[in-house]
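[1] take a look and give me a structure for this.
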Amino acid sequence: MADDYIQQLSETEKVTFVRALIFLIKSDGRVDDHERECIHEIVNIYNIKNKVAAINAPMGEDILLTEIANTINDRHKALSLIRELLTMAHVDEELGDAEVNFIEKVAAKLNIEPEKVLQINELVLERKDWLVKSAVVMESA
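    Residues are numbered from 1 along each chain as shown. Predicted coordinates for the structure are as follows:
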């Protein structure tokens, strides 16, 4: 994850980002060991281990979408959230309908245009391809 924006987030925003990422991970109805590992990494990256109760609070989709809309008021932070959700959605090579639907709903709540989501998705995929090519060229694959 490109974590340069994390330093700009308040504690409340960090919790909301993490809750959104966890919701996305769970959206396909199953959580495997790799995804559990991702959740632990996310909590560490966002440095909110002390917020476990807030992270684990009940989060139906409507409640979470309202939380996102009420918490993320900055355009750059909103775009960063979409980027992180798309990055996470592409981790397992299977972009499911539930993931796409959730990301579209988040984007709508944050007033992010569908075209912008597509542009961000392109960047995420280009970065992913670049990382794979880089690993091959640098002989670290």
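
[2] contact partners for Ile112?
    Contact partners of Ile112, counting by Cβ atoms under 8 Å, 6 or more residues apart in numbering, are Ala78, Leu79, Ile82. Just so you know, the C-beta spots here come from the backbone N, C-alpha and C atoms, and that holds for glycine as well.

[3] go on, Leu110?
    Contacts for Leu110 (Cβ under 8 Å, 6+ apart) come out as Ile68, Ala69, Ile72, Ala78, Leu81, Ile82.

[4] got a winner among the contacts of Ile112 for most neighbours?
    Among those, Ile82 has the most neighbours (other Cβ atoms under 10 Å), with 23 neighbours.

[5] secondary structure element for it?
    Following DSSP states H and E, one finds Ile82 within helix 75-89.

[6] so which elements touch the very next helix or strand once past that helix?
    Toward the C-terminus, helix 75-89 is succeeded by helix 97-109 as the next helix or strand (DSSP H and E). Applying 3 or more Cβ pairs under 8 Å, 6 or more residues apart in numbering; DSSP states H and E, one finds that helix 97-109 makes contact with helix 11-26, helix 61-71, helix 75-89, helix 114-137.

[7] can I get the third one in PDB, CA atoms only?
    Okay, so that is helix 75-89. What follows is helix 75-89, C-alpha atoms only, in PDB (Å, rounded to 0.1, in the frame of the first residue of the first chain):
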ATOM      1  CA  ARG A  75     -11.000  14.900  -1.600                       C
ATOM      2  CA  HIS A  76      -7.400  13.600  -1.400                       C
ATOM      3  CA  LYS A  77      -8.200  11.300   1.500                       C
ATOM      4  CA  ALA A  78     -11.300  10.000  -0.300                       C
ATOM      5  CA  LEU A  79      -9.300   9.300  -3.400                       C
ATOM      6  CA  SER A  80      -6.700   7.500  -1.300                       C
ATOM      7  CA  LEU A  81      -9.400   5.400   0.300                       C
ATOM      8  CA  ILE A  82     -10.700   4.300  -3.200                       C
ATOM      9  CA  ARG A  83      -7.100   3.600  -4.200                       C
ATOM     10  CA  GLU A  84      -6.500   1.400  -1.100                       C
ATOM     11  CA  LEU A  85      -9.800  -0.400  -1.600                       C
ATOM     12  CA  LEU A  86      -8.900  -1.100  -5.200                       C
ATOM     13  CA  THR A  87      -5.400  -2.300  -4.300                       C
ATOM     14  CA  MET A  88      -6.800  -4.600  -1.700                       C
ATOM     15  CA  ALA A  89      -9.500  -5.900  -4.100                       C
END
